[in-house]
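Peer 1: here is the input, now give the coordinates:
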Amino acid sequence: MFVSPALLPAVSCMALLLIVSAMLQEAFHMAFRDELTGLPGRRAFNEYLQRVGATYTIAMVDVDHFKRFNDTHGHDAGDDVLKLVAARLAEVGGGGRAFRYGGEEFALVFLDRPAPACVAAVEEVRATIEGCGCICATAPHAAATMRWGSCIVGVVATARWCR
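Peer 2: From the prediction side, this is the model:
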């Protein structure tokens with residue numbers, strides 16, 4: 001079976017469009033998804049906040065003493081900790097969505113939810129992370145902890161603050 005010469009330009013254009021579409025999809029994935037953790041990254045976080053309504057809650061998460069942990073146990077162990085934390089944060093309940101903000105910092109965003117309504121979901125995911133013990137294949141005797149500080153920053157009046 002062969003393609004009619006009259007159809008060759010159309011078939012070639014369709015093939016080229018498929019290739020360009022696949023390249024754009026891969027570029028989007030690389031720009032918006034954190035490679036190490038698999039979570040949406042900071043660019044995705046910023047884009048997400050551009051589309052939220054007037055009421056939302058952001059919980060900022062930071063791994064305690066991460067630099068010291070990394071320096072003591074090595075970067076592979078640090079990567080293990082970040083992957084574990086990200087996996088647990090991705091399971092946050094209450095309608096929350098996890099993002100890797102940068103380094104050892106993460107953000108949980110709850111749409112259309114005031115801060116008091118998010119406390120239970122944030123505490124649950126914190127306890128889950130604390131309870132998993134953070135056993136790293138590359139540093140089995142290492143321990144990592146997390147701090148939340150005053151992580152629920154409250155209801156932000158406008159969604160356009162991060163432009």
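
Peer 1: in terms of pLDDT, where does Ala137 sit?
Peer 2: You'll see Ala137 listed with a pLDDT of 50.

Peer 1: again with Val109
Peer 2: For Val109, the predicted pLDDT is 95.

Peer 1: list the contacts for it?
Peer 2: Phe45, Tyr48, Leu49, Val52, Tyr56, Thr57, Ile58, Gly96, Arg97, Phe99 (C-beta atoms under 8 Å, 6 or more residues apart in numbering). In short, each C-beta sits where N, CA and C put it, glycine included.

Peer 1: again, only this time at 6 Å
Peer 2: Ile58, Arg97 (C-beta atoms under 6 Å, 6 or more residues apart in numbering).

Peer 1: check the secondary structure at it for me.
Peer 2: Following DSSP: H, G, I helix; E, B strand; the rest coil, the label given to Val109 is strand.

Peer 1: pull the helix or strand with minimum mean pLDDT from the protein.
Peer 2: The weakest-scoring helix or strand in the chain, judged by mean pLDDT, DSSP states H and E, is strand 152-155 (a mean of 34).

Peer 1: where do the strands sit along this protein?
Peer 2: 56-63, 96-102, 105-111, 146-147, 152-155 (DSSP state E).

Peer 1: tell me which strands the third one pairs with, and in which orientation.
Peer 2: What it means is strand 105-111. In the sheet, strand 105-111 lines up against strand 56-63 (antiparallel), strand 96-102 (antiparallel) (DSSP bridges).

Peer 1: which other helices and strands contact the helix ranked longest in the chain?
Peer 2: If you go by DSSP state H, the chain has its longest helix at helix 8-32. Contact partners of helix 8-32 among helices and strands, from 3 or more C-beta pairs under 6 Å, 6 or more residues apart in numbering; DSSP states H and E: helix 42-50.

Peer 1: the helix it packs on vs strand 96-102, what angle?
Peer 2: Here helix 42-50 points in a direction 140 degrees away from that of strand 96-102 (axes from the mean of the first three to the mean of the last three C-alpha atoms, to 10 degrees).

Peer 1: perfect, that will be all.
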